[in-house]
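# Structure here, sequence nowhere to be found:
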């Protein structure tokens, strides 16, 4: 299963997962509203989130 989005400079990104897919650990209705991290990265959440830039969802 894959999700695609295009970056403002035109670069196409693919986010992919093996089965069972993205909606296994969070509801489909709120999928992508928060950052999901695997347990081994939870202790680095603050550092990881500080480096992220918001996606322009108005395109």
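Yep, that arrived. The model shown is predicted, which means the values in this text are computed figures rather than measured ones.

# would you list every one of the helices in this structure?
45-51 (DSSP state H).

# Where does the prediction get shaky in it?
Where the chain drops to pLDDT under 70, the residues are 56-59.

# rerun that using 80 as the cut-off
1, 18-25, 32, 54-59 (pLDDT under 80).

# Now do the strands in it.
Ranges of strands within the chain are 2-6, 12-16, based on DSSP state E.

# Can you tell me which of these is most buried?
Among the strands of the chain, ranked by average contacts under mean count of other Cβ atoms under 10 Å, first place goes to strand 2-6 (a mean of 11). Backbone N, C-alpha and C define where each C-beta goes, glycine included.

# what does that one rub up against?
12-17, 22, 55, 59 (Cβ atoms under 8 Å, 6 or more residues apart in numbering).

# Determine which two of the residues you listed are furthest apart.
17 and 59 (23.6 Å; Cβ to Cβ).

# between these two, which one's more packed in?
residue 17 (11 against 8; other Cβ atoms under 10 Å).

# show me the contacts for that one.
1-2.

# quick one: it from residue 24, how far?
9 Å (Cβ to Cβ, to the nearest Å).
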